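A.B. asks: I'll drop the sequence and a predicted model, then ask my questions.
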Amino acid sequence: MSRSPLTAAVVVADAADLADDIGFDAVTLSAVARRLGVKTPSLYSHVRDLAALRDGITALALSELARAASLAVAGRSGSEALHGFADAHREFARSNPGLWQSLERRAGAAAVDSDAARGFVALTDAVLRGYGLSPTDRVHAIRLLGSTINGFIALERIGSFDHSQPAPETSWRIALDALDSLLAAWPSTGKNS
């Protein structure tokens, strides 16, 4: 079987697979090179350095998460869209542990300024538009939404919910219902810009 020609996209995709296998923090240029069957210097034609490789993984993660979340919210609004959006995050974190880890760090400018990041922000904003929030209030709501989803997933991933009842699934549903209620009754800041 012939191997795909080495490109930046191939290197990042392989590094992303490696991150899911061994953890994002363990990904190095030499580990990716070994996986691809090339010498490490061969990668420098496609990625500047390890930071660029990690930003590439983060951008890929944002793109794939946005794709999954888009499918989950398609044709939905309000509570249904919120649940679909949040559930897509949780499933993505479970199925792609290394990619998820890449989203739990301070990303570099290349990832922050990527089309994937802009697309993900636009999708999140669209989910919250269903609640009739002003643009300024949507910024606050996006931060609350991200904090809730990421906080729950982070605690679940380290087993914080393993030693008590009810099951985390019940708490997840209740948290999303509570978030939906809060968004529906959002205390407007009265600012529209």
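C.D. replies: Structure's in. What do you need? Please read these numbers as outputs of a predicted model, since none were measured by experiment.
A.B. asks: just for this protein, where's the confidence low?
C.D. replies: Filtered on pLDDT under 70, the chain yields the residue ranges 1-3, 190-193.
A.B. asks: Okay, helices next: where are they in it?
C.D. replies: Taking DSSP state H as the test, the helices found in the chain are 8-22, 29-36, 50-73, 78-95, 97-102, 109-112, 115-129, 135-157, 168-184.
A.B. asks: contacting residues around the fourth one?
C.D. replies: Think helix 78-95. By C-beta atoms under 8 Å, 6 or more residues apart in numbering, the residues outside helix 78-95 that reach it are 64-65, 68-69, 71-73, 76, 99-100, 123-124, 127, 130-131, 145, 148-150, 152-153, 156-157, 172, 176-177, 179-180, 183-184. For the C-beta atoms, the positions are set from N, CA and C on the backbone; glycine is no exception.
A.B. asks: of these, buried ones?
C.D. replies: The neighbour count (16 or more other C-beta atoms under 10 Å) marks 64-65, 68-69, 72-73, 99-100, 123-124, 127, 130-131, 145, 148-149, 152-153, 156-157, 172, 176, 179-180, 183 as buried among these.
A.B. asks: what's around the residue nearest to Arg129 when sequence neighbours are not counted, how many residues?
C.D. replies: With sequence-adjacent residues excluded and distances taken as C-beta to C-beta, 6 or more residues apart in numbering, Arg129 is closest to Arg138, at 7.1 Å. By the other C-beta atoms under 10 Å criterion, the neighbourhood of Arg138 contains 21 residues.
A.B. asks: so how far is Ala74 from Arg138?
C.D. replies: Here Arg138 is placed at a distance of 20 Å from Ala74 (C-beta to C-beta, to the nearest Å).
A.B. asks: same deal with Ala184?
C.D. replies: Note on Ala184: its distance to Ala74, by C-beta to C-beta, is 21 Å.
A.B. asks: go on, Leu18?
C.D. replies: Leu18 is 31 Å from Ala74, where distance means C-beta to C-beta.
A.B. asks: do Ser95 as well
C.D. replies: 19 Å.
A.B. asks: got it, and Leu128?
C.D. replies: Distance, Leu128 to Ala74, by C-beta to C-beta: 16 Å.
A.B. asks: before we move on, what about Ala111?
C.D. replies: Distance from Ala111 to Ala74, by C-beta to C-beta: 25 Å.
A.B. asks: When those two are compared, which one has more neighbours?
C.D. replies: More crowded of Ala111 and Ala74, by other C-beta under 10 Å: Ala111, with 24 against 9.
A.B. asks: could you list every residue that touches the more buried one?
C.D. replies: Counting by C-beta under 8 Å, 6+ apart, Ala111 touches Asp55, Gly56, Thr58, Ala59, Leu62, Ala117.
A.B. asks: who wins for proximity to Ser42 among the helices of the chain?
C.D. replies: helix 29-36 (6.7 Å; C-beta to C-beta).
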